[in-house]
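Participant: one predicted model, sequence on top.
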Amino acid sequence: MRASSDKCIYFFGEEVKVALHCKSGQVITMETKDCFSNQLEDKKEIENINWNNINPATGPIYVEEAEEGDVLKITILDINVNGEGFILAGEKLGVFGDSLKGTTTKTVKIEDNKVIFNDKISIPLEPMIGVIGVYPKEDKINSGTPREHGGNMDNKKIKKGSTVYLPVFKKGGYIALGDLHAAMGDGEIGGSGVEVKGEVTLKIEVIKEDIKLSSPMIKDDKGYYTVASGETLDEAIEIASYNMANILMEKTNISFEETVMLLSICGDLEICQVVDPLKTVRLFVPLSIFKSYDIEF
Ligand code: CA
Ligand code: ZN
């Protein structure tokens with residue numbers, strides 16, 4: 001099944017026609033525009049682009065079996081980007097925003113699994129998904145903001161081979177995704193990754209009982225990460241930490257005190273991004289901890 005990038009949303013939770021219906025277990029390829037809706041690629045100058053068309057998320061996809069309270073397990077089978085990407089530095093954007101005047105864009109070539117920054121520097125191609133989310137719990141949320149529903153998490157771990165777990169807040173789930181990056185540093189401190197259009201192939205499954213989630217979780221070959229966003233990093237850290245503690249306590253007989261100890265000695269706190277309207281962090285716990293108790297989601 002294929003979802004075209006022509007069907008996209010700018011708000012999670014807005015009432016639009018569903019782009020695609022699928023069943024649990026189905027594999028879908030989703031075509032995505034870049035975060036500027038391909039306006040730079042169409043040779044529009046940055047001064048002239050329509051800022052209402054930023055961060056388009058292809059979808060939404062309605063998953064037949066998904067009911068409120070379930071979890072969507074989304075396995076990223078492949079991410080394809082090629083050609084060229086765009087990087088931005090600008091006034092009021094990111095950590096350096098107060099020191100910059102106007103907006104500067106840079107076009108970079110992507111070839112031989114590298115992003116060519118200049119004639120001396122090339123960066124390994126590490127495609128990731130900036131925006132992936134579901135219909136939110138309460139009000140609609142613009143696709144540039146991360147929250148419990150996922151959204152603009154700008155999380156480097158959302159890459160080929162990873163699995164993203166999202167809570168279902170509304171029957172059908174309504175998955176949408178976009179904002180691919182050919183590369184991005186943790187924090188995305190300038191406010192931009194290597195912004196690219198592309199194609200994501202994923203498998204969508206519904207988990208009914210095994211786990212309850214109040215915000216996103218990710219798994220890769222190294223371990224699990226709880227992901228949380230907040231007004232401040234402190235707030236996001238607290239949510240991600242409690243969520244991980246609750247997941248572990250739910251599946252083991254370890255006390256709260258010992259869970260705190262365990263997370264303190266082997267949980268790695270990492271920054272996803274500090275530049276979107278809310279800030280996003282993740283708490284990593286190695287796979288071996290989960291394997292000790294035969295926990296697998
Ligand atoms: Ca983003
Ligand atoms: Zn982006």
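Facilitator: Thanks, I have the structure now. Ligands and ions are numbered 1, 2, ... in the order given.
Participant: longest helix of this protein?
Facilitator: helix 233-251 (DSSP state H).
Participant: need the residues that contact that helix.
Facilitator: Helix 233-251 is contacted by residues 211-215, 217, 224, 226-230, 254, 256, 259-260, 262-263, 267, 269, 271, 274, 278-283, 285, 289, 293, 295 when judged by CB atoms under 8 Å, 6 or more residues apart in numbering. Any C-beta I mention is one placed from the backbone N, CA and C, and that applies to glycine too.
Participant: now stretch 278-286
Facilitator: Contacts of stretch 278-286 (CB under 8 Å, 6+ apart): 145-147, 153-155, 157, 218, 222-233, 236-237, 240-241, 243-244, 248, 263, 266-273.
Participant: pull out the buried residues from that stretch.
Facilitator: Leu278, Lys279, Thr280, Val281, Arg282, Leu283, Phe284, Val285 (16 or more other CB atoms under 10 Å).
Participant: likewise stretch 6-14?
Facilitator: Buried-residue list, stretch 6-14, by 16+ other CB under 10 Å: Lys7, Cys8, Ile9, Tyr10, Phe11, Phe12, Gly13.
Participant: what about that stretch, distance to the chain center?
Facilitator: Counting by CA atoms, centre = their mean, to the nearest Å, stretch 6-14 is centred 15 Å from the centre of its parent chain.
Participant: and what of stretch 246-258?
Facilitator: 27 Å.
Participant: tell me which parts of the stretch 1-150 of the chain are close to ligand 2?
Facilitator: Cys35, Gly130 (CB under 5 Å from the ion).
Participant: in the protein, which residue sits nearest ligand 1?
Facilitator: Gly130 (3.6 Å; CB to the ion).
Participant: run a quick neighbour tally on that residue.
Facilitator: 31 (other CB atoms under 10 Å).
Participant: got the contact list for the helix or strand harbouring it?
Facilitator: According to DSSP states H and E, Gly130 maps onto strand 128-133. Contacts to strand 128-133, defined as CB under 8 Å, 6+ apart, come from residues 12, 35, 55, 57, 74, 76, 79, 143, 146, 149-159, 164, 166, 175-181, 184, 193, 200.
Participant: give the next helix or strand downstream of the strand or helix carrying Ile175.
Facilitator: Element membership for Ile175, per DSSP H and E: strand 173-181. Sequence order places strand 195-196 as the next helix or strand after strand 173-181, per DSSP H and E.
Participant: mind checking how far that next one is from the chain centre?
Facilitator: Using CA atoms, centre = their mean, the offset of strand 195-196 from its chain centre is 14 Å.
Participant: then stretch 63-77?
Facilitator: Per CA atoms, centre = their mean, the centroid offset for stretch 63-77 relative to its chain is 15 Å.
Participant: about what we covered before: does whichever helix or strand comes after the strand holding Gly130 reach ligand 1?
Facilitator: Remark: after strand 128-133, the chain's next helix or strand is strand 141-142, criterion DSSP H and E. No. Using CB under 5 Å from the ion, strand 141-142 stays clear of ligand 1, with a minimum separation of 11.6 Å.
Participant: beyond strand 141-142, next helix or strand please.
Facilitator: strand 146-147.
Participant: quick check: mean pLDDT across the helix or strand following that following strand?
Facilitator: Heading C-terminal from strand 146-147, the first helix or strand you meet, by DSSP H and E, is strand 150-152. Averaged across strand 150-152, pLDDT comes to 98.
Participant: now stretch 126-133
Facilitator: pLDDT averaged over stretch 126-133 gives 98.
Participant: for ligand 1, what are the nearby residues on the stretch 1-150 of the chain?
Facilitator: Gly130.
Participant: and for Asp70, the neighbour number?
Facilitator: Neighbours of Asp70 (other CB under 10 Å): 23.
Participant: same question but for Tyr62, I mixed them up
Facilitator: 18.
Participant: so in terms of bridging, what pairs with it?
Facilitator: His21, Gly173 (DSSP bridges).
Participant: out of the contacts of helix 233-251, which end up buried?
Facilitator: Using 16+ other CB under 10 Å, the buried ones in these are 211, 213, 215, 217, 224, 226-230, 254, 259, 262-263, 267, 271, 274, 278-283, 285, 289, 295.
Participant: in strands only, show me those residues.
Facilitator: Secondary structure assignment (DSSP state E) places 217, 224, 226-230, 271, 279-283, 285 from the buried ones among the contacts of helix 233-251 within strands.
Participant: return the member of those nearest to Gly69.
Facilitator: Nearest to Gly69 among these is Met217, at 15.2 Å by CB to CB.
Participant: so where does the closest residue to the closest one other than its chain neighbours fall, helix or strand?
Facilitator: Spatial nearest neighbour of Met217, excluding adjacent residues (CB to CB, 6 or more residues apart in numbering): Tyr165 at 4.2 Å. Assigned by DSSP H and E, Tyr165 belongs to strand 163-167.
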